[in-house]
Every structure is written in C-alpha cells, then in structure tokens.
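> Model the following, please.
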Amino acid sequence: MKIETNLYEIALLPPAEEAVRIIQEAESKLAALTGDAITLIAYTSTDSSGSPN
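Numbering: from 1, shown residues only. Next comes the predicted model:
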C-alpha cells in the first residue's frame, strides 16, 4: 500500500518511551489474532502547509 499525503508525518518516539512499548504490545496482540505480522506506525498530524502541529 502506498499512502501519499502532506497531512501526516511519522511521529518521533524515543525508544525508552512507554508509547513504543504499547505499540509493540498492540502489534503482538494483533499478530496473534490475525496470524500475520503486523506493523503499526505512529503518525502526527500536520497543518495544511505540511508543518507539524
């Protein structure tokens, strides 16, 4: 899947942050439910000019 938009950019999450752990746990649970590898991506929204909010 290819998604092109200037409304979002990948969020910068420090590796030690709890958000990373939560995302990894969600990936594992979804993979167990579906039987497929799952990758979740954290995005942050930008304004219409492409600047982060």
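
> residue ranges with poor pLDDT in the chain?
Confidence mapping of the chain against pLDDT under 70 gives the ranges 1, 48-53.

> the helices in it, which residues?
Using DSSP state H, the helices found in the chain span residues 18-34.

> What's the local residue count around Ala11?
12 (other C-beta atoms under 10 Å). Every C-beta, even on glycine, is put in place using the N, C-alpha and C of the backbone.

> Next up, the contacts around it.
By C-beta atoms under 8 Å, 6 or more residues apart in numbering, Ala11 lies in contact with Ala42, Tyr43, Thr44.

> among those residues, which are in strands?
Tyr43, Thr44 (DSSP state E).

> ok, of the contacts of Ala11, which one's closest to Thr5?
Checking the contacts of Ala11 against Thr5 by C-beta to C-beta gives Tyr43 as the nearest, at 9.4 Å.

> Look up the residues forming beta bridges with the closest one.
According to DSSP bridges, the partner residues bridging Tyr43 are Ile10.

> List the contacts of Thr39.
By C-beta under 8 Å, 6+ apart, the contact list for Thr39 reads Glu27.

> repeat that with 10 Å
Under the criterion of C-beta atoms under 10 Å, 6 or more residues apart in numbering, the neighbours of Thr39 are Ile23, Glu27, Leu30, Ala31.
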